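Engineer: return a 3D structure for these sequence lines:
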Amino acid sequence: MVSKRAGGAYDGDALAVATCAAEMARYGIEPRHLRAFRTAADREIGLFEQVVTPLIRQRNPEARGRADEAIRELAALSVRLHATLVKAGLRAELGG
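Structural biologist: You can find the predicted model right below:
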C-alpha cells in the first residue's frame, strides 16, 4: 500500500505510482481511470495474503523467509501474467 512515512514524506512506492500515473496521463488516462488498477491490485493482495499468511503465522524464522520469497515470486508472476493478458487482448481486438 502506498503511504506516507513518519515525517510526512511519501515512500518510494508512492513515487513510482505517481510517475506511472503521470506517464499514463500523456495518453489521456486520467486519475479517475486508475481506480480499476487499484481494485485489481487489492484483489491480488487478498489472494496472495491467503497464500502467505499461514507461513507468516509460523514461529519459524525460515517460514518468514519463505513467505517473503513467495511474495516476491507471486508479484513477478502477476506482472508477467497481466502484461501477457493485456498484449493478447489488444492483439485480438486490434488484429495485430
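
Engineer: what is the lengthiest helix in the chain packed up against?
Structural biologist: Longest helix in the chain, counting residues (DSSP state H): helix 61-94. For helix 61-94, the packing partners by 3 or more Cβ pairs under 8 Å, 6 or more residues apart in numbering; DSSP states H and E come out as helix 35-57. Using the backbone N, CA and C atoms, a C-beta is placed for each residue, glycine as well.

Engineer: buried stuff in the helix it packs on?
Structural biologist: Of all the residues in helix 35-57, those buried under the rule 16 or more other Cβ atoms under 10 Å are 52, 55.

Engineer: what mean pLDDT does it have?
Structural biologist: Taken as a whole, helix 35-57 carries a mean pLDDT of 95.

Engineer: just want the angle from it to helix 61-94.
Structural biologist: With axes from the mean of the first three to the mean of the last three Cα atoms, to 10 degrees applied, the angle from helix 35-57 to helix 61-94 works out at 160 degrees.

Engineer: quick one: helix 35-57 to chain centroid distance?
Structural biologist: Relative to the mean C-alpha coordinate of its chain, helix 35-57 is positioned 9 Å out (Cα atoms, centre = their mean, to the nearest Å).

Engineer: over to stretch 71-86?
Structural biologist: Distance, centroid of stretch 71-86 to centroid of chain: 9 Å (Cα atoms, centre = their mean).

Engineer: list the contacts of it.
Structural biologist: 44, 48, 51-52 (Cβ atoms under 8 Å, 6 or more residues apart in numbering).

Engineer: kindly recompute the last result at 6 Å.
Structural biologist: For stretch 71-86, contacts defined as Cβ atoms under 6 Å, 6 or more residues apart in numbering pick out 44, 48, 52.

Engineer: and that stretch, which residues are buried?
Structural biologist: Buried-residue list, stretch 71-86, by 16+ other Cβ under 10 Å: Ile71.

Engineer: mean confidence for it?
Structural biologist: 97.

Engineer: sec struct for His33, please.
Structural biologist: In three-state terms, and counting by DSSP: H, G, I helix; E, B strand; the rest coil, His33 is helix.

Engineer: just want the most central residue of this structure.
Structural biologist: Residue closest to the mean C-alpha point of the chain, counted by Cα atoms, centre = their mean, is Ala41 at 5.1 Å.
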